[in-house]
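Colleague: Below is the sequence, then the predicted model.
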Amino acid sequence: MKKISVLEVMTEIRDLLLLQKEIFTMSEVCSYTGFERSYIYKLTSTRKIPHFKSPGGKNVFFKRIEINDWLTQNRIKTFEEIDEEVNRKLKSFKKSSN
């Protein structure tokens, strides 16, 4: 049986609580995405990640749903999906050339 430390349990609880939040702080979005703080700052300064600034502009916040959408925006098709698309286009091409 594997022994679990108190720190591991607390980390697990923190991660589960993070999944319940709608709005993330900078450190929370870093934990959620696994990206370094400097990389997230670079993304915000170049407006490549959706974010909000607090009144006065001192703090940066992120909506969890927007981060999820941003993280999943560059989906890579499976070989099966590519094959299906090619077959559909070939069928369409054959119909139009007859």
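Modeller: Sure, I can see it. Residues are numbered from 1 along each chain as shown.
Colleague: Could you count how many residues lie near residue 14?
Modeller: The number of residues packed near residue 14 is 11, by other Cβ atoms under 10 Å. From N, CA and C alone the C-beta is placed, and that goes for glycine too.
Colleague: what distance separates the helix or strand hosting it from the middle of the whole chain?
Modeller: Secondary-structure assignment from DSSP states H and E places residue 14 in helix 6-18. Relative to its chain's centre, helix 6-18 lies at 20 Å (Cα atoms, centre = their mean, to the nearest Å).
Colleague: Equivalent analysis for stretch 27-38, please.
Modeller: Between the centre of stretch 27-38 and the centre of its host chain there is 11 Å, according to Cα atoms, centre = their mean.
Colleague: still on that earlier bit, quick check: which helices or strands does the helix holding residue 14 pack against?
Modeller: Packed against helix 6-18 by the contact rule (3 or more Cβ pairs under 8 Å, 6 or more residues apart in numbering; DSSP states H and E) you find helix 26-33.
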